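> no FASTA, just this:
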């Protein structure tokens with residue numbers, strides 16, 4: 001795996017041509033496996049003999065994974081993403097009670113208001129060359145795609161606006177796969193410290209926010225989130241709650257700019273913005289390879305043996321373009337795909353099985369509102385540089401570009 005990231009699709013296509021499961025070499029010469037094919041990934045994500053708890057990670061338990069390994073946080077953070085069975089159900093139940101559909105729906109007015117405020121600021125920033133890209137050009141990722149989901153998740157968690165930029169930077173460090181062990185350790189410590197301060201403040205002065213609810217909530221047996229579980233849950237929600245939606249919005253704008261016929265179809269009412277979101281999730285998943293799951297015994301998947309205790313990556317970006325699932329035109333971006341194809345295959349980019357993304361409804365709402373309002377305000381928006389020249393996100397976990405310079409035409 002290339003620790004600097006880069007566009008994954010060409011490599012994915014080569015690997016898929018060889019099979020649905022591939023051995024990969026992770027940073028630090030750690031042997032792993034990636035599941036690439038749609039059907040293989042769907043089976044793997046829900047397989048009863050596959051675990052999330054790092055106690056099943058053989059190399060980690062044998063002491064062969066050093067501190068500062070860039071993917072260690074994914075394995076060792078305490079929370080829903082590293083829990084199994086009854087423990088996972090307990091944590092998910094506690095979080096679900098605070099993260100209800102009602103809370104998500106109640107966020108819609110603030111999502112719409114924040115979207116409009118961010119859009120209002122785009123033209124002045126472009127005219128003033130606020131991003132140093134030349135007059136008339138603005139970095140849409142920095143000015144719009146990032147602050148929208150970050151603002152929403154921080155409002156939901158009760159995190160003050162003064163922390164937003166730092167949280168985004170630290171989140172980027174945590175998911176980066178190309179930084180040094182020292183940088184990894186420092187980023188994790190600072191993020192835990194910052195979130196610990198937020199939890200302490202909410203415990204002393206509870207409010208109508210998710211952090212206060214997570215601290216107070218009990219399940220029927222009287223269980224609470226432990227201190228490490230609370231911090232792990234907050235870390236998960238900050239990172240997953242804004243990084244994935246940031247990438248989703250960014251990737252959707254890139255796709256529509258690169259396929260003006262598809263944008264024209266949406267603006268003409270031939271497809272809805274929700275279809276744009278779903279096709280983007282399939283065609284250019286915001287998460288490329290997500291760590292980790294571990295077979296609890298030697299597992300045969302798509303004809304390939306995955307040894308017990310192997311760290312396995314879920315290859316969402318590859319599965320989304322698997323021709324075996326989506327046909328010969330799987331690599332074509334088509335917002336009418338779901339509407340025009342009966343029995344269309346549902347993508348896996350938000351997960352499958354017990355660990356299906358708890359924040360999926362919120363992510364879909366944010367992205368739909370963002371795209372509808374953005375192109376409603378700037379229907380002729382276009383990229384300010386060639387798509388192939390856009391710098392990529394420095395990680396093989398996240399899948400997007402690091403900046404999105406666009407020209408605005410109201």
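Nice, thanks for sending it over. Small disclaimer: the values here were computed from a predicted structure and weren't measured. Numbers count the residues shown, from 1 in each chain.
> so where's the stretch 101-250 of the chain uncertain?
Across the stretch 101-250 of the chain, residues meeting the criterion (pLDDT under 70) sit at 218-223.
> can you pull out the strands in it?
Taking DSSP state E, counting those that start in this stretch as the test, the strands found in the stretch 101-250 of the chain are 137-139.
> now the helices: where do they sit in it?
Using DSSP state H, counting those that start in this stretch, the helices of the stretch 101-250 of the chain run over 101-106, 108-127, 140, 147-157, 164-175, 181-204, 210-216, 227-258.
> sort out which residues of the fifth one are buried, please.
Within helix 164-175, the residues that count as buried by 16 or more other C-beta atoms under 10 Å are 164, 167, 168, 170, 171, 172, 173, 174, 175. All C-beta atoms are positioned from the backbone trio N, CA, C, and that covers glycine.
> and it, what does it pack against?
helix 147-157, helix 181-204, helix 227-258 (3 or more C-beta pairs under 8 Å, 6 or more residues apart in numbering; DSSP states H and E).
> let me have these in CSV, extended by mean neighbour count and distance to residue 74.
Shown next, in CSV, are those (neighbours: other C-beta atoms under 10 Å; distance: least, C-beta to C-beta, whole Å):
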stretch, mean neighbour count, distance to residue 74
helix 147-157, 23, 19
helix 181-204, 16, 11
helix 227-258, 23, 10
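> in JSON lines: these, plus distance to residue 269.
Formatted as JSON lines, those follow (distance: least, C-beta to C-beta, whole Å):
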{"stretch": "helix 147-157", "distance to residue 269": "25"}
{"stretch": "helix 181-204", "distance to residue 269": "43"}
{"stretch": "helix 227-258", "distance to residue 269": "15"}
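> quick one, which of the ones you listed gets closest to residue 353.
helix 227-258 (16.6 Å; C-beta to C-beta).
> how far off helix 164-175 does that closest one point, in degrees?
Here the directions of helix 227-258 and helix 164-175 differ by 90 degrees (axes from the mean of the first three to the mean of the last three C-alpha atoms, to 10 degrees).
> now do helix 227-258: distance to the chain's middle.
4 Å (C-alpha atoms, centre = their mean, to the nearest Å).
> what of stretch 90-101?
19 Å.
> related to what we said a few turns ago, wait, which of the helices and strands packed on helix 164-175 is closest to residue 352?
helix 227-258 (15.6 Å).
> quick check: angle from the closest one to helix 147-157?
Using the same axes, to 10 degrees: helix 227-258 against helix 147-157 is 150 degrees.
> so where's the stretch 251-400 of the chain shaky on pLDDT?
For the stretch 251-400 of the chain, the ranges with pLDDT under 70 are 338-344.
> mind putting the helices of the stretch 101-250 of the chain into a markdown table with distance to residue 400?
Shown next, in a markdown table, are the helices of the stretch 101-250 of the chain (distance: least, C-beta to C-beta, whole Å):
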| stretch | distance to residue 400 |
| --- | --- |
| helix 101-106 | 24 |
| helix 108-127 | 18 |
| helix 140 | 12 |
| helix 147-157 | 13 |
| helix 164-175 | 11 |
| helix 181-204 | 19 |
| helix 210-216 | 25 |
| helix 227-258 | 4 |
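> before we move on, back to that, any idea which of the buried residues of helix 164-175 is closest to residue 36?
residue 175 (20.2 Å).
> so how far is residue 394 from the closest one?
9 Å (C-beta to C-beta, to the nearest Å).
> repeat for residue 187
13 Å.
> so what sits against both of these two?
residue 179 (C-beta atoms under 8 Å, 6 or more residues apart in numbering).
> contacting residues for residue 336?
By C-beta under 8 Å, 6+ apart, residue 336 lies in contact with 265, 270, 271, 275.
> could you dump those into TSV with distance to residue 83 and neighbour count added?
Shown next, in TSV, are these (distance: C-beta to C-beta, whole Å; neighbours: other C-beta atoms under 10 Å):
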residue	distance to residue 83	neighbour count
265	43	18
270	43	14
271	38	21
275	34	21
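> got a markdown table for the residues you listed, with distance to residue 246 and secondary structure too?
A markdown table is the format used below for the contacts of residue 336 (distance: C-beta to C-beta, whole Å; DSSP: H, G, I helix; E, B strand; the rest coil):
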| residue | distance to residue 246 | secondary structure |
| --- | --- | --- |
| 265 | 25 | helix |
| 270 | 28 | coil |
| 271 | 23 | coil |
| 275 | 21 | helix |
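> out of those residues, which one sits closest to residue 196?
Nearest member of the contacts of residue 336 to residue 196, counting by C-beta to C-beta, is residue 275, at 41.2 Å.
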